[in-house]
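K.L.:
3D, please:
(one chain, ligands or ions: 1)
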Amino acid sequence: MKKYLLAMAVISHFTLVGCNSEADRTLTTPNKDVSRTSVSNTLWHDDKAKMDAFITELMAKMTLEEKIGQMTLFSSDWDVTGPSLRGDYQDKIKEGKVGAVFNAFTASYTRKLQKMAVEETRLGIPLLFGYDVIHGHRTIFPISLGESASWDLDAIELSAKVAAAEASAEGIHWTFAPMVDVARDPRWGRISEGSGEDVYLTTVIAQARIKGFQGDDLSKPDTVLATAKHFAAYGQAQAGRDYHTTDMSDRELRETYLPPFKAAVDAGAASFMTSFNELNGVPASANKYLLQDILRTEWGFEGFVVTDYTSINEMVNHGFAENDEKAGELAVNAGVDMDMQGSVYFDYLAKQVEQGLVSMQQVDKAARRVLEMKYRLGLFEDPYRYSNEEREKAEIYKDENLQAAQDVARKSMVLLKNDKQLLPLSKSGLNIAVIGPLADSKEDLIGSWSAAGDRYEKPISLLSGILAKVSEPAKVQYAKGASYEFNNQDDSGFSHAITIAKQADVIVMAMGEKWDMTGEATSRTKLDLPGNQQALMEQLKALGKPMILVLMNGRPMTIEWADQNVDSILEAWYPGTMGGPAIADVLFGDYNPSGKLPVTFPRNVGQVPLYYNMKNTGRPYSKDSAEQKYLSRYIDSSNTPLYPFGHGLSYTTFAYSAISLDKSTLASDGSLTASVEVTNSGKYDGEEVVQLYIRDRVGSVTRPVKQLKGFEKIWLNKGETKTVSFTISAKDLAFYRQDMSYGAEAGEFDLFIGTSSDNLQKSEFTLSANSDL
Ligand code: NOJ
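P.N.:
Next up, the predicted model:
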């Protein structure tokens with residue numbers, strides 16, 4: 001991991017433009033001679049006394065309206081990510097009534113807006129600039145679900161670090177990422193923005209991303225504030241329909257959906273974003289249980305909470321408030337510090353404080369939390385330090401960033417199938433037909449939530465990637481062939497595709513979803529290849545040629561036909577700006593694929609939700625009981641997924657030894673070590689993700705059939721063997737017991753280690769006594 005240097009330069013700059021008296025002008029300048037070494041809650045405390053004094057002094061000069069300004073976030077008109085409510089945001093900045101702006105970037109534009117706040121308002125309090133920097137800012141990395149398939153925390157952290165460096169050079173201080181919603185329903189388009197279905201994987205990835213965005217020192221100008229979103233349980237929208245209702249037990253909430261958020265607090269995330277959904281009847285933006293009891297009281301979160309867009313106003317539609325005004329009162333009293341775009345605090349909060357409906361103390365707390373972050377960022381020393389034209393020029397799309405994007409992209413790809421070892425391809429001597437709507441596309445490569453990334457010029461298509469890879473006497477021919485638009489069955493491109501395929505030695509099909517079919521508001525009821533891609537694939541199959549399918553998409557897809565009929569399938573997700581070269585690296589063996597699925601691929605939509613760590617039921621189905629009727633099964637489909645969680649092939653093979661345990665009984669305060677030897681038994685050097693799962697056989701509440709508890713990604717040269725060990729203690733076995741206390745229960749456990757959730761060595765151990773945690 002990279003260690004960051006201490007911030008050096010102290011630019012003492014804070015001036016109080018437009019203050020009434022000389023006394024108002026003499027604020028103590030914050031001092032930055034502070035050393036910070038790691039991302040943790042200490043981030044907030046190391047110079048807290050100085051910060052507190054500075055902010056107390058500042059707040060003493062602020063009017064109620066100015067404080068509410070700090071609680072108000074408006075969108076610029078540069079980029080729009082939802083309904084636009086305020087065309088007059090610039091006037092309001094000048095009146096000191098807006099503390100933060102989102103969807104504004106470039107050094108010059110943010111500088112222009114910052115100047116309005118600093119030079120034209122009474123107190124000159126700098127603006128905070130936010131933006132959705134999700135998987136890259138200008139240089140786009142793979143979509144978050146894709147990155148998560150790398151199971152490579154260093155790569156994921158690097159991606160966030162590069163994104164922060166580019167974004168911060170353009171004046172952005174704060175990203176609305178990472179999304180840490182566990183998601184198990186591929187119909188929900190936002191599954192593409194998270195880390196998949198597993199709690200543990202989502203948790204460790206959340207921490208890596210926060211570390212990448214925030215670094216070790218928020219005052220460094222190349223770091224940005226991170227936001228853990230969407231709090232909470234947004235990933236469980238009913239029927240996979242976006243913004244839909246969520247209703248779940250407290251146990252399920254705490255076991256599955258909250259741990260990544262708690263991990264975000266532990267990693268020092270600066271802010272939290274509420275979710276659009278209601279949870280058990282109470283919208284998240286007015287949910288005191290989430291925002292006060294859990295976030296503040298149990299977890300001790302000290303950053304600020306922002307709404308997701310107009311989720312305050314939306315409480316009227318939810319039927320939770322009769323009007324915006326009441327919704328605002330409910331939100332602020334529940335602990336929402338900042339209103340994104342809803343204009344509700346802006347419009348009503350001052351009146352509500354005067355009427356005693358909202359306490360001054362509540363407003364003070366919220367304004368202070370926001371001012372603290374501005375202080376942490378160093379904005380009171382130099383409000384323009386992030387709007388740096390020179391750094392912007394040097395940083396954006398620099399070679400190093402593009403190389404990092406290519407490397408992370410290839411690490412993210414998952415080889416789903418390679419039965420006849422058709423891959424990797426030879427770089428010369430082959431006639432290759434490259435076919436499909438995604439084969440020469442640039443715009444799709446960067447996915448839907450690609451911030452300020454260029455969609456039309458910068459991305460390098462798969463076709464270009466392949467052309468750059470092959471050498472004489474190879475021949476590459478291209479046909480778009482089919483359409484990936486819903487309801488577009490135009491097959492006029494089929495004949496050209498078939499003609500070039502007939503001449504080819506191998507067919508590479510690039511198919512999947514159009515970029516705007518995933519992300520927010522893109523729920524689907526089908527998970528198949530849209531348009532007439534499937535029809536073209538079937539016609540190509542009739543030619544009897546070797547076929548490779550490269551998928552670009554943002555969710556698990558039901559591709560059972562392809563699994564049965566295509567020789568090799570590579571899941572490339574939306575791989576980002578350098579997607580084409582990255583895919584070509586994998587296709588031609590310059591990179592040996594190492595990705596593993598962070599989410600289950602079902603066979604059909606009827607199986608959804610399908611995830612690896614379900615419960616066993618009282619009538620579990622197994623192959624041995626196949627003849628019996630009254631079992632938990634479908635009569636028209638297998639229960640099993642098409643590709644399970646953790647699945648992903650390599651060009652080489654890995655052999656696992658039996659598991660060895662250093663003891664068979666684990667003491668409640670002790671630890672146990674489980675080891676396996678992993679050998680690269682194939683023909684290529686490569687990486688393997690060694691996965692550890694545990695099953696608690698009997699519990700006071702039933703436990704899942706297995707749960708991921710650890711993994712390690714290792715490199716093995718061909719023929720090499722390494723021992724991989726995992727240490728397990730009672731905390732890895734803990735859960736919310738029948739009385740909702742948290743701890744582990746004595747008894748028998750299965751322990752599995754292997755290459756995928758469905759391909760594991762098995763061992764067992766006993767926990768000798770209960771353990772309360
Ligand atoms: C709505 C999305 O749900 C959220 O993730 C995003 O950060 C905001 N819009 C701002 O664009």
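K.L.:
torsion angles phi and psi at A452?
P.N.:
Main-chain torsions, A452, degrees, to the nearest 10: phi -90, psi 10.
K.L.:
verify the contact between it and I172 for me.
P.N.:
No - with contact defined as CB atoms under 8 Å, A452 does not reach I172; the gap is 9.1 Å. (Glycine included, C-beta is placed from N, CA and C.)
K.L.:
what is in contact with those two at once?
P.N.:
Contact criterion CB atoms under 8 Å, 6 or more residues apart in numbering; residues shared by A452 and I172: 105, 131, 137.
K.L.:
find the nearest non-adjacent residue to the first one, please.
P.N.:
Closest residue to F105 in three dimensions, ignoring its sequence neighbours and counting by CB to CB, 6 or more residues apart in numbering: E170, at 4.4 Å.
K.L.:
wait, the one you found touches E392, no?
P.N.:
Yes - taking contacts as CB under 8 Å, E170 lies within contact range of E392: 5.5 Å.
K.L.:
mind checking which of these two has more residues around it?
P.N.:
More crowded of E170 and E392, by other CB atoms under 10 Å: E170, with 27 against 21.
K.L.:
center of the chain - which residue?
P.N.:
The centroid of the chain falls nearest to G194 when counting by CA atoms, centre = their mean (3.6 Å).
K.L.:
what backbone torsions are found at N532?
P.N.:
Here N532 shows phi and psi, under degrees, to the nearest 10, equal to phi -110, psi 30.
K.L.:
assign the residue in the stretch 451-600 of the chain positioned nearest to the ligand to helix, strand or coil.
P.N.:
In the stretch 451-600 of the chain, no residue comes nearer to the ligand than E520, which is 5.4 Å away by CB to the nearest ligand atom. Under DSSP: H, G, I helix; E, B strand; the rest coil, E520 falls in the coil class.
K.L.:
OK, contacts around it?
P.N.:
Each residue near E520 by CB under 8 Å, 6+ apart is listed here: 189-190, 242, 448-449.
K.L.:
ok, and what's touching stretch 452-463?
P.N.:
Stretch 452-463 has contacts (CB under 8 Å, 6+ apart) with 79, 105, 131, 136-140, 170, 397, 434, 438-443, 445-446, 476, 478, 508, 510, 515, 550, 576-581, 583-584.
K.L.:
list the contacts of the residue of the stretch 351-500 of the chain found nearest the ligand.
P.N.:
The minimum distance from the stretch 351-500 of the chain to the ligand, using CB to the nearest ligand atom, falls at W449 (8.1 Å). Contact analysis of W449 by CB under 8 Å, 6+ apart lists 132, 134-135, 143, 192-193, 519-520.
K.L.:
phi, psi for the closest residue to Q70 other than its chain neighbours please.
P.N.:
Residue nearest to Q70 in three dimensions, not counting chain neighbours: G99, with 3.8 Å by CB to CB, 6+ apart. Note on G99: its backbone torsions stand at phi -100, psi -20 [degrees, to the nearest 10].
K.L.:
still on that earlier bit, so A452 and I172 - more neighbours on which side?
P.N.:
For A452 versus I172, neighbours defined as other CB under 10 Å are more numerous around I172 (30 against 21).
K.L.:
my guess is L73 meets F102, correct?
P.N.:
Yes - the criterion here is CB under 8 Å, and L73 meets it with F102 at 6.1 Å.
K.L.:
how about the residues of the stretch 151-300 of the chain near the ligand?
P.N.:
176, 229 (CB under 6 Å from any ligand atom).
K.L.:
count of neighbours near the residue in the stretch 151-300 of the chain that the ligand sits nearest to?
P.N.:
Relative to the ligand, the nearest point of the stretch 151-300 of the chain is F176 (3.4 Å; CB to the nearest ligand atom). Using other CB under 10 Å, F176 is surrounded by 26 other residues.
K.L.:
quick one: contacts for it?
P.N.:
Contact analysis of F176 by CB under 8 Å, 6+ apart lists 102, 130-134, 227, 229, 273.
K.L.:
at 7 Å instead, please
P.N.:
Residues counted as contacts of F176 (CB atoms under 7 Å, 6 or more residues apart in numbering) are 130, 132, 227, 229, 273.
K.L.:
before we move on, back to that, check the contacts of W449 and tell me the two furthest apart.
P.N.:
H135 and E520 (14.3 Å; CB to CB).
K.L.:
pull the CA atoms of stretch 257-277 into CSV?
P.N.:
The C-alpha trace of stretch 257-277 is given here as CSV (Å, rounded to 0.1, in the frame of the first residue of the first chain):
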residue,chain,number,x,y,z
TYR,A,257,-27.0,-4.8,4.4
LEU,A,258,-25.3,-2.8,7.2
PRO,A,259,-21.9,-4.4,7.5
PRO,A,260,-20.4,-2.6,4.5
PHE,A,261,-21.7,0.7,5.9
LYS,A,262,-20.2,0.1,9.3
ALA,A,263,-16.9,-0.7,7.6
ALA,A,264,-17.2,2.6,5.8
VAL,A,265,-17.4,4.4,9.1
ASP,A,266,-14.4,2.5,10.4
ALA,A,267,-12.5,3.4,7.2
GLY,A,268,-13.2,7.1,7.9
ALA,A,269,-15.7,7.8,5.2
ALA,A,270,-16.5,11.5,5.3
SER,A,271,-20.1,11.4,4.4
PHE,A,272,-23.1,9.1,4.1
MET,A,273,-25.9,9.4,1.5
THR,A,274,-29.4,8.3,2.4
SER,A,275,-31.3,6.0,0.0
PHE,A,276,-34.4,6.6,-2.0
ASN,A,277,-36.3,3.7,-0.6
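K.L.:
average pLDDT for that stretch, rounded please.
P.N.:
Here stretch 257-277 scores 98 as its mean pLDDT.
K.L.:
chain center to it: distance?
P.N.:
Relative to its chain's centre, stretch 257-277 lies at 12 Å (CA atoms, centre = their mean, to the nearest Å).
K.L.:
same deal with stretch 473-483?
P.N.:
34 Å.
K.L.:
ok, now stretch 434-444?
P.N.:
25 Å.
K.L.:
how about the nearest residue to T139 once chain neighbours are set aside, what does it touch?
P.N.:
With sequence-adjacent residues excluded and distances taken as CB to CB, 6+ apart, T139 is closest to N401, at 4.2 Å. By CB under 7 Å, 6+ apart, the contact list for N401 reads 139, 162, 166.
K.L.:
out of those residues, which are inside helices?
P.N.:
Mapping the contacts of N401 onto helices (DSSP state H) picks out 162, 166.
K.L.:
got the contacts of N401 as a markdown table, with pLDDT columns?
P.N.:
As requested, the contacts of N401 are exported to a markdown table (pLDDT from 0 to 100):
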| residue | pLDDT |
| --- | --- |
| T139 | 98 |
| V162 | 98 |
| E166 | 98 |
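K.L.:
which of the contacts of N401 are buried? Put it as a ChimeraX command.
P.N.:
In ChimeraX, a selection of the buried entries from those looks like this (16 or more other CB atoms under 10 Å):
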select :139,162,166
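K.L.:
what is the nearest of the contacts of N401 to K351?
P.N.:
Closest approach to K351 among the contacts of N401 (CB to CB): E166, at 41.5 Å.
K.L.:
one step back: quick one: the residue of the stretch 151-300 of the chain closest to the ligand from D696, how far?
P.N.:
Separation of F176 from D696 (CB to CB, to the nearest Å) stands at 37 Å.
K.L.:
any idea how far A269 is from the residue nearest to Q70?
P.N.:
G99 is 19 Å from A269, by CB to CB.
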